[in-house]
Structure formats: structure tokens, C-alpha cells
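> Below is the sequence, then the predicted model.
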Amino acid sequence: MQDIELYTKLLGIRAPWSITGVQVSLKDRSVTISVSYDESIPVACPVCSGQASIYDHQKRRWRHLDTMQFMTIIECDVPRASCEDHGVKQLPVAWAEVKGRFTAVRHDQRPAPSPELTHPPVIGSDPPDRHAK
Ligand SMILES: [Zn+2]
């Protein structure tokens with residue numbers, strides 16, 4: 001599906017994560033992106049990087065920058081890893097900080113506006129000497 005490919009590229013989602021669905025709601029003016037973890041790939045403890053097992057999943061939602069003024073939400077059942085030494089820890093996700101409600105996108109990561117947009121040419125204001133005769 002094209003939406004999935006598009007958002008995979010825009011968000012930089014890579015294995016073992018993948019986008020499994022993109023839902024657009026015209027009524028709510030929202031885009032909801034569903035991300036899943038490929039559980040055929042072993043998990044590592046987020047603390048020691050040692051071998052761990054999947055303990056359970058926690059449903060999480062993050063607000064991302066809007067898509068064309070549509071509120072953009074990323075949702076995922078994030079696995080929690082169980083490590084013998086460190087207990088149960090949520091796996092880190094590439095698009096957000098572990099405990100954050102919102103994605104870790106800072107305003108200074110937005111592209112800088114082009115000079116033409118910050119200083120638009122004034123239409124119909126020719127230099128005064130052009131018409132002065
Ligand atoms: Zn550990």
C-alpha cells in the first residue's frame with residue numbers, strides 16, 4: 001500500500017519495526033499510523049543489551065508533527081523485554097523517547113523557510129521611478 005511506503009520513508013521506520021497500517025479520518029482530520037515489532041527477531045535488554053524475552057506489550061500513542069494540518073498519531077503495542085538482571089523494561093522506539101507522550105521531534109528539525117517565503121515579493125509595487133515621467 002502506498003501510504004505505508006510513504007510513511008515508512010518519512011518516519012525512517014526500519015526493521016524490526018514496520019508500519020502495518022495508515023488510517024486517515026477526514027471527520028477527525030487525523031492520520032493514525034500503526035507500527036509493529038517483528039517478533040521473529042530476538043529482543044535485547046535495553047539496559048545491558050543482553051538476551052531477553054518478550055514479557056508483554058504496552059499500547060502507546062505519540063503525537064507527531066501534523067501531516068497537511070491533519071493531527072498525526074503513531075500507535076504501537078511496544079514490547080517489554082524481560083531480562084534476568086534488569087527485570088521488565090520497555091524497548092526503546094526510534095521515533096520517540098521511552099517515557100515521552102509525544103515524539104522527539106524538535107522545532108529546529110523543521111526545514112528552514114526559503115527566503116522567498118519569509119519575504120514575499122510585493123505584487124504591484126513597481127519602483128516609483130518606473131512610472132514617474
Ligand atoms: Zn539486562
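Sure thing, it's come through.

> ok, the helix or strand where residue 78 lies: who's next to it in the sheet?
Residue 78 is part of strand 70-83, with elements assigned from DSSP states H and E. Strand 70-83 pairs in its sheet with strand 30-37 (parallel), strand 51-67 (antiparallel), strand 87-90 (antiparallel), by DSSP bridges.

> Any residue of the last one touching the ion?
Just to be clear, that refers to strand 87-90. No - with C-beta under 5 Å from the ion as the criterion, the ion is not reached by strand 87-90; the gap is at least 7.4 Å. (Each C-beta comes from the backbone N, C-alpha and C, glycine too.)

> Distance from the chain centre to that strand, please.
Centroid separation for strand 87-90 versus its chain: 23 Å, with C-alpha atoms, centre = their mean, to the nearest Å.

> For it, report the contacting residues that lie outside it.
The contact list for strand 87-90, computed with C-beta atoms under 8 Å, 6 or more residues apart in numbering, reads 45-47, 55-56, 58, 78-83, 98.

> cool, the first one as well?
By C-beta under 8 Å, 6+ apart, the surrounding residues in contact with strand 30-37 are 7, 11, 13, 16-25, 64, 67, 70-79, 91, 93, 95.

> Return the residues in contact with residue 85.
Going by C-beta under 8 Å, 6+ apart, residue 85 touches 45, 47, 48, 50.

> Residue 45 now?
51, 52, 81, 83, 85, 86, 89.

> cutoff 7 Å now
Neighbour list for residue 45: 52, 81, 83, 86, 89 [criterion: C-beta atoms under 7 Å, 6 or more residues apart in numbering].

> and this structure, which of its residues are near the ion?
Neighbours of the ion within the chain, by C-beta under 5 Å from the ion: 45, 47, 48, 50, 83, 85, 86.

> So what pairs up with residue 51 in the strands?
residue 44.

> What is the neighbour count of it?
Residues near residue 51, counting by other C-beta atoms under 10 Å, number 12.

> Residue 7 falls within a strand, correct?
No - Residue 7: not assigned to a strand; according to DSSP: H, G, I helix; E, B strand; the rest coil it is helix.
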